[in-house]
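Student: Got a predicted structure here, sequence first:
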Amino acid sequence: PSYVKDQESGIQKLSPKWYNAETCRWTSVDPSSSSPPPPPSPPLSRFRVVTFNVWFEKLHQRARARHMFRLLAAQQADVIALQEVTPTFLMWLRDEAWVRDTYFLSDSVGTTLRGSFAYGVIFLVRRAASLRVESLALPTPPSLMSRAALKATIALAVPHVEGVPGPSEEVNLDIATAHLESLAATATRRHQLQHIFGCVLESDEESRERADAGGAAAEAEAEKLAEAKAETPAAAAAANTCTGSSSGGDDDGGGSELEPPPLRQHYTSGYGHSLLVGDMNFDEGAPEEVEIARAGFSDLWPSLALH
C-alpha cells in the first residue's frame, strides 16, 4: 500500500483542516473526494508569505502569543509558516477567530509535533477561491532535535501571460518550511538541506536546464565564500563540528552531530515554482549556502531586507 511506502520513506501525508462552524470542530478536507475541485479563480494580485519562529520558551508565552496573533492577523498573508509550535501554542492559535474564519491548518490537534518536548512546524493556508491546497506532507530529514520539514503544494490562479487565453492561468507552487538543526551543527544542516532539495521539493523537467545552469554558476561562488569563511578561526571551529556535541537551548535529542555529508555536484533535477522558508540557523557566507547554490535556489532575504 502507498501509505506503507510513505512510512518507509519517512513521509507523513496530511490533510488540510478547516473549521466547521456548524459542528464547532476542525475537520479534515477529504483528499479522496471523487468530484474534482474547481480551478482557482480569480487571479491573485499578490501572494504574501509570512514566517515566524514563535519560540517555545514559556517565558511570557501567553502574552507573546497574543501579540503575535495580532501581527499575523494584520498581515492577511496567503501562507503563514510557523516553527517551534507547541501543543499549547497550537491550541491558542486554532481558537483565534481570524484563523477559524480564514485559514486551513496543516495540523489542528498536534499530531505532527515531535520529540519528548513536542514541538514542530505548521502551515496556515488562506481559504480563498484564488488558491487551492493540492497536497500536504511531513517528510523526516535527518535530525537529532526532532526537526521536520513540512511541504505544501498549492494551486494558484495568476494573471495570464501574453498569448495565453482566459483571465487567469493555474500554476502549482511547492512551498516547504523547515526548522534546521540549531547550535554548532553545520554538517547536519547540510544533510537536512540536501534532503529538502533532493526529496521534499519536487523536481520539474521544464526547469531542469535553468536550475542546473544557475546552480553551476552559483556553486563556484558559494564554495569560495565557504572556503574564505573557514579560514578564520571562529568559522573553522563552527565548520568542524562533527566531533562536538549539541546541548542546551532547543536541543531535544542531545548527542554528537551527524557525520558531514559528502561533497556532491549541484542537483540534477530542476524545480518548478518553489519556496523554502523558515528558521535556517545559519548566516550569510556559511558553508550551508553551498547546498542552496547547488540546488539553483536564490536567497530572497538580501533583497527583502532592503525594503
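Tutor: Looks like it came in fine.

Student: now the helices for the chain?
Tutor: Assigned by DSSP state H, the chain shows helices spanning 2-8, 61-75, 87-94, 97-102, 186-195, 208-230, 233-239, 289-294, 301-304.

Student: need the least confident one among those helices, by mean pLDDT.
Tutor: Lowest mean pLDDT within the helices of the chain: helix 233-239, a mean of 30.

Student: Can you tell me the closest non-neighbouring residue to residue 48?
Tutor: Once flanking residues are discounted, residue 48 sits nearest to residue 77: 4.5 Å by CB to CB, 6 or more residues apart in numbering. The way it works is simple: take the backbone N, C-alpha and C, and place the C-beta from them, glycine included.

Student: which residues sit in contact with the one you found?
Tutor: Shown in contact with residue 77 (CB atoms under 8 Å, 6 or more residues apart in numbering): 48-50, 124, 126.

Student: Contact partners for the residue nearest to residue 288 when sequence neighbours are not counted?
Tutor: Spatially, and ignoring its direct neighbours in sequence, residue 288 is nearest to residue 282 (4.5 Å; CB to CB, 6+ apart). Counting by CB under 8 Å, 6+ apart, residue 282 touches 180, 186, 189, 288-289.

Student: Can you pick out the most distant pair from the contacts of residue 77?
Tutor: Farthest-apart pair in the contacts of residue 77 is 48 and 124; separation 12.0 Å (CB to CB).

Student: Tell me which of the two has more neighbours.
Tutor: Neighbours per residue (other CB atoms under 10 Å) separate residue 48 from residue 124, with residue 124 holding more: 23 against 12.

Student: Does that one touch residue 108 like I think?
Tutor: No - applying CB atoms under 8 Å, one finds residue 124 not in contact with residue 108, separated by 10.6 Å.

Student: Run a quick check on residue 179 versus residue 83, I expect a contact.
Tutor: Yes - contact criterion CB under 8 Å: residue 179 and residue 83 qualify, at 4.0 Å.

Student: hey, what's in contact with both of the two?
Tutor: With CB under 8 Å, 6+ apart as the test, residue 179 and residue 83 both reach 53, 120-121, 278-279.

Student: Reformat those as a markdown table; add distance to residue 294, pLDDT and neighbour count.
Tutor: As requested, the shared contacts of residue 179 and residue 83 are exported to a markdown table (distance: CB to CB, whole Å; pLDDT from 0 to 100; neighbours: other CB atoms under 10 Å):
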| residue | distance to residue 294 | pLDDT | neighbour count |
| --- | --- | --- | --- |
| 53 | 25 | 96 | 16 |
| 120 | 27 | 96 | 27 |
| 121 | 23 | 97 | 27 |
| 278 | 19 | 96 | 21 |
| 279 | 21 | 96 | 20 |
